[in-house]
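> Sequence and predicted structure below; questions after.
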Amino acid sequence: MRQYDNLALDNCIKCSICVTNCPVTRVTDKFAGPKQNGPDLERFRLEEPAAVHPSIGYCSNCKNCDVACPSGVSIATMNSKAKGEFVARHGAPLRDQLLARVGLMGRVCHLAPALVNWGGRVKLFRWLGEKLFGVSKDMTLPQYAGKTFYQLMRQQKFAPGRRKVVYFPGCYVTYNTPEVGLAVVEVLAKQGVQVLVEEFNCCGLPLIANGLLADARQAARGNIQQLQKYADQGYRIITSCPSCNLTLRREYHELFDLDTDSLNDHIMDVFEYLNELARQGELVEPLNPLDLRVGYHQPCHLKAAGCGVPSKEIMDRIPGLQVLGLDAGCCGLSGSYGFKAEKYPISMEIGSNVFRAVEQMGVKQVITECGMCQLQIHHGTGVAVYHPIQLLALAYGTAK
Ligand code: SF4
Ligand code: SF4
């Protein structure tokens, strides 16, 4: 019998609130749902780990079930473990193996980013990608930046700061949107905070979401080892991606039972850190007015992190900026989920509430902290989508 997991399994009161809050269950009957895959089958898995419903691959790992559960059951973690068990027994298709290795894909695509970006736009290649690998021909592929965040940082010069933090940029900032990482560094430099930069493993979330738990655990161990030395010196560890933040803070412990107690207090979203500076009276006010009306989308993993919307209080300080909450639920992309041909229609159906909210509000720009939400909202609406830190950098006059 498997050791009893501390996932609050016995707290389940079978209310089915998780089912009504699952965006996947809302739009398709291909998925048996969070309750059946989670606590219902977890009881059997304690005796027999193979008790996994074959529909488990349809869980997008959005964690809305965890947020909604009134009893604090870690449903999404049960689902991730079940998915890992399923993949360990049946294997993962080549497509999932590739989509899960975001860091490796980033390094390879960066050998010729312009060529990769061009290839990703050619209809024939996209059609072949769907026929041969099962990658949706309809989904907009992420564009690779000409230089990675680390390459750009080597070209920057920042004065030593009164305080130091270490930044965990995540793969999407590293390879696709390094301008977001630069905005983080510039905004913090404005506060007299020096950002230490070191290359890390992918946080491991794409591996977890694709059931490749052994590789994710290895990535987690490497990151903990690297980050611990900063935590031991008292440095804050700053993230700008809510999914990286949630994975470092919660998944490493909940899913892999790794000891992150002494690390967790040091890990902060960049806006949580800016709020901390504001409370200490050390935040430099963003004074450049931005005459903009933008929609705000809260990523599911920021919701799951339970820290509210830390960017809100900071964005409220920017003169002239009007931020309207879209409040329309999950965008549907969920990392690699919406890139899979069989899941693309589900992903778009889930995201349709967000797309409609953007249209109804009539906003031409949207801000959201998650790179994948940025991609999906742009894909579904055509509007420009930014990380809030980019607008803040504009208000400080530091954006490049
Ligand atoms: S919401 Fe929580 S308590 Fe209710 S059925 Fe789902 S897991 Fe059980
Ligand atoms: S993680 Fe998301 S998709 Fe998976 S069961 Fe929970 S709510 Fe549904």
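Structure's in. What do you need? Numbers count the residues shown, from 1 in each chain. Ligands and ions are numbered 1, 2, ... in the order given.

> quick one, phi psi at the residue nearest to Phe271 when sequence neighbours are not counted?
In space, Phe271 comes closest to Pro310 once its chain neighbours are excluded; the distance is 3.7 Å by Cβ to Cβ, 6 or more residues apart in numbering. Using the backbone N, CA and C atoms, a C-beta is placed for each residue, glycine as well. The phi and psi values for Pro310, taken as degrees, to the nearest 10, are phi -60, psi -20.

> start the count at 59, not 1, going forward
Noted, 59 is the first residue going forward, which turns the last one into Pro368.

> and Pro368, what pLDDT?
Model confidence at Pro368, expressed as pLDDT, equals 96.

> hang on, isn't it packed against Glu334?
No - between Pro368 and Glu334 no contact is recorded; they are 9.5 Å apart, counting by Cβ atoms under 8 Å.

> So for those two, which sits in the more crowded spot?
Counting neighbours by other Cβ atoms under 10 Å for Pro368 and for Glu334 shows that Pro368 has the greater number, 21 against 14.

> so who does that one touch?
327, 329-330, 332-333 (Cβ atoms under 8 Å, 6 or more residues apart in numbering).

> per-residue confidence at His397?
His isn't right for residue 397; it's Phe. At Phe397 the predicted local confidence, pLDDT, stands at 97.

> Distance of the residue nearest to it when sequence neighbours are not counted relative to Lys287?
When the adjacent residues along the chain are set aside, Phe397 lies closest to Met197, with 5.2 Å between them (Cβ to Cβ, 6+ apart). Taken as Cβ to Cβ, to the nearest Å, the spacing of Met197 relative to Lys287 amounts to 39 Å.

> quick revisit: name the nearest of the contacts of Pro368 relative to ligand 2.
Using Cβ to the nearest ligand atom, Asp327 is the member of these that lies nearest ligand 2, at 20.5 Å.

> what's the burial count for that closest one?
Burial of Asp327, expressed as a neighbour count using other Cβ under 10 Å, amounts to 24.

> Can you pull the phi/psi pair for it?
In terms of degrees, to the nearest 10, the main-chain angles of Asp327 are phi -70, psi 150.

> and it, what pLDDT?
Asp327 carries a pLDDT score of 97 in this model.

> and Val443, helix, strand or coil?
Here Val443 is recorded as strand under DSSP: H, G, I helix; E, B strand; the rest coil.

> coming back round to it: okay, Met197 and Lys287: which has more neighbours?
Met197 (22 against 11).

> which ones are touching that one?
Shown in contact with Met197 (Cβ under 8 Å, 6+ apart): 396-397, 402, 405, 437.

> Just the ones of these in helices?
When DSSP state H defines the helices, the subset of the contacts of Met197 inside them is 402, 405, 437.

> Now do the first one, the pLDDT please.
Each residue has a pLDDT score; the one for Tyr402 is 98.

> what about it, distance to Ala146?
Counting by Cβ to Cβ, the gap between Tyr402 and Ala146 amounts to 26 Å.
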